[in-house]
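**Student:** dropping a prediction and its sequence here:
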Amino acid sequence: MKLLIKYLVFLVWITFLNSSSLYAQETRKSFGKKDFKYAEKVDGKYLPNAFDNKKVSTPYKLRKSSTSNAASSAIFTNQVNVNPAGLNIIGDAANEPSIAVNPLDPNMISIGWRQFDNVASNFRQAGWAFSTDAGLTWTFPGKIEQGIFRSDPVLDYDSSGNFYYNSLSIDSLGTYVCKVFKSNNGGVGWDPGTDAAGGDKQWMTIDRTAGPGSGNIYSFWSSSFSSCPPDLFTRSTNGGNSYENCSFVDGDPYWGTMAVGDAGELYICGGQHDTITDLVVCKSTNAQIPGSIITWEPPVSVFMDGFLGGGPDVNPEGLLGQADIDVDRSGGVGHGNVYLLSSVVRLSNPDPGDVMFSRSLDGGSTWSSPIRINDDISTTNTQWFGTMSVAPNGRIDAVWLDTRDAPIGTLLSSLYYSYSIDQGVTWSLNERLSASFDSYLGYPDQFKMGDYFDMVSDNDGAHLAWANTLNGEQDVYYSYITPVIPVNINEIIIPENISVYPNPNKGVFIIKGISPSTKVEVYNPVGEKISPLTSSRTLDEIDISSHASGLYFIKIVGENGNVVVKKVLKE
């Protein structure tokens, strides 16, 4: 009898595996090396805004501050594609944003996106905006190369604070070509751009190490839609003044991103052709050497229990998301770890989209079994546009769109967030950071809300560029997410565990957890001390309301000499 029961259980298990495999194979038919459905194409003529940009509405904003005892993260959100008065422009659309933050002055931020001046046309251009006050207000000057079809915006920055904007176009012969535009003033203006070969779904990253590759710019794209097939990679070793001839990447990744490790090693991740079971990670240790013939280590397959796909319901003509790769550069216990995250169509069950994560502790040679970041137990909800970044202190941030809160019969999505402070072993409880919205609203004659979001993390939080329809149309938003890291009740409270709230604020905030002998100083982003204070109580109120809006640094020196620096945003 026991043998019979074991045999029946075995048959049920095999049936489940076969059905899951058939589900994945059937779904996989719509994706592949030559799938034109998700490739960019010029299929509409330019139309100006139907209301000449004069019909406006109040932009969507969100302020959610953490209190002194709150366990939830804080977030503030501002619309980016606004008119000079800061109002929403009715009748246009914006999606697929990417972000750059000046490492020398975090008040300076730029976001680029696909700009549709008129939702009646699929014609898109390279929109962008900049902020000089840490995302509180935004200036939207227009489009780079007005009237030129552009898509797939990717922004990054070098260690000197220059911004770069990689943009895809399609020439008269139907060839996919990219230009990289450079800004030396925080995105206020851009140079004429430099040809950078390219192709569909390109990505770009910049070496910000102190090694021989410092300032190198790397780009890769899908070999299926390349200006130089079968090649899919280029680099610049002269600050973007020119880009090298295309070359091939062993592993032929697609729909992915790139990262540079602390030793200058270059990682590329993406989908893996000819298989539905794995993503692929490619690595070069000599791409950083100017003039070198780039070599690649053997590509490594990474099982994520899912594959990159489209968003058949939530994002009908777009992706479920791209693969994200990043590296721990903290100098701590996780230094050198490589992390991989993506929204994938599951293989082991019929879930249409989960955010899956894997890590490598040996420079990408081997990878852990995948874990699911979204903590809902349903296999019918869709978690899409999974996006990851790693902070300088090693914290891993992850965001995604999630349909778990949608009323039955709808596909409404909300922004969700989770973080890890133990190198991806465990993750915080998922937090819902936005109201629900309908991703179908405001389609610009194209049934998608782009293909990705983008995020940059610092030690205090995460700068997120994302799109939603909370205004009733597709718009681009900037959010800054500040996680609240819980303190174990058995730990001795030291200055590192102080809290500053509310944040952001109108110029008055409270510092909790400091002793009477604690020294508190306030600095502006250029390092000028503006408000030296000495605490006389454990709950200290500070007033900088007379100073300009923007980002400020709070330097806290404890009686034992420990120094803590906190950021505060004055509205």
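**Tutor:** Sure thing, it's come through.
**Student:** report pLDDT for residue 3.
**Tutor:** At residue 3, the model reports a pLDDT of 37.
**Student:** what of residue 71?
**Tutor:** Residue 71 carries a pLDDT value of 59.
**Student:** what of residue 276?
**Tutor:** pLDDT at residue 276 comes out at 77.
**Student:** how about residue 66?
**Tutor:** 63.
**Student:** beta partners for the spatially most central residue of the chain?
**Tutor:** Centroid-nearest residue in the chain, with C-alpha atoms, centre = their mean: residue 454, separated by 2.3 Å. Applying DSSP bridges to residue 454 gives these bridge partners: residue 465.
**Student:** equivalent analysis for residue 219, please.
**Tutor:** Under the criterion used here (DSSP bridges), residue 219 is bridged to residue 204, residue 234.
**Student:** ok so, going back, contacting residues for the residue nearest to the centre of the chain?
**Tutor:** For residue 454, the contact set (C-beta atoms under 8 Å, 6 or more residues apart in numbering) comprises 97-99, 154-155, 387, 464-465. C-beta here means a position set from N, CA and C on the backbone, and glycine is covered the same way.
**Student:** any of those residues buried? List them.
**Tutor:** Neighbour-count burial (16 or more other C-beta atoms under 10 Å) is assigned, among these, to 97-99, 154-155, 387, 464-465.
**Student:** farthest-apart pair in these, please.
**Tutor:** Within the buried ones among the contacts of residue 454, 154 and 464 form the most distant pair, 15.5 Å apart (C-beta to C-beta).
**Student:** ok, residue 506 - contacts?
**Tutor:** Taking C-beta under 8 Å, 6+ apart as the test, what residue 506 contacts is 545, 570-571.
**Student:** most neighbours among those, which one?
**Tutor:** With neighbours taken as other C-beta atoms under 10 Å, the top of these is residue 570, carrying 21 neighbours.
**Student:** roughly how far apart are it and residue 77?
**Tutor:** 17 Å (C-beta to C-beta, to the nearest Å).
**Student:** cool, and residue 411?
**Tutor:** 21 Å.
**Student:** over to residue 306?
**Tutor:** 29 Å.
**Student:** need the pLDDT of the residue nearest to the centre of the chain.
**Tutor:** pLDDT, residue 454: 98.
**Student:** let's number from 106 now, not from 1
**Tutor:** New numbering, starting at 106: the last item is residue 559.
**Student:** report the buried residues of stretch 250-258.
**Tutor:** 250, 254-258.
**Student:** quick one: that stretch to chain centroid distance?
**Tutor:** Computed by C-alpha atoms, centre = their mean, to the nearest Å, the chain-centroid distance of stretch 250-258 equals 21 Å.
**Student:** just stretch 226-240 next, same as before
**Tutor:** 16 Å.
**Student:** so what does residue 294 have for phi and psi?
**Tutor:** Per-residue torsions, residue 294: phi -150, psi 160 (degrees, to the nearest 10).
**Student:** gap between it and residue 235?
**Tutor:** For residue 294, the distance to residue 235 - C-beta to C-beta - is 9 Å.
**Student:** any shared contact partners between those two?
**Tutor:** Both residue 294 and residue 235 are in contact with residue 246, where contact means C-beta under 8 Å, 6+ apart.
**Student:** those two: who's more crowded?
**Tutor:** Higher neighbour count among residue 294 and residue 235: residue 235, with 22 against 13, using other C-beta under 10 Å.
**Student:** would you mark the buried spots in stretch 448-460?
**Tutor:** For stretch 448-460, a neighbour-count test (16+ other C-beta under 10 Å) marks 448-452, 456-460 as buried.
**Student:** which of these lies closest to residue 501?
**Tutor:** Nearest to residue 501 among the buried residues of stretch 448-460, with distances taken as C-beta to C-beta, is residue 460, at 12.1 Å.
**Student:** got a list of what the closest one touches?
**Tutor:** With contact set as C-beta under 8 Å, 6+ apart, residue 460 has these partners: 446-448, 477-479, 488, 491, 503, 505.
**Student:** rewinding a little: columns distance to residue 301 and pLDDT on top of the contacts of residue 611, output as a markdown table?
**Tutor:** A markdown table is the format used below for those (distance: C-beta to C-beta, whole Å; pLDDT from 0 to 100):
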| residue | distance to residue 301 | pLDDT |
| --- | --- | --- |
| 650 | 46 | 85 |
| 675 | 39 | 82 |
| 676 | 38 | 81 |
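**Student:** so of the contacts of residue 460, which ones are in strands?
**Tutor:** 446-448, 477, 488, 491, 503, 505 (DSSP state E).
**Student:** closest one of the residues you listed to residue 587?
**Tutor:** Distances from residue 587 to the ones in strands among the contacts of residue 460, taken by C-beta to C-beta, are shortest for residue 503, at 15.1 Å.
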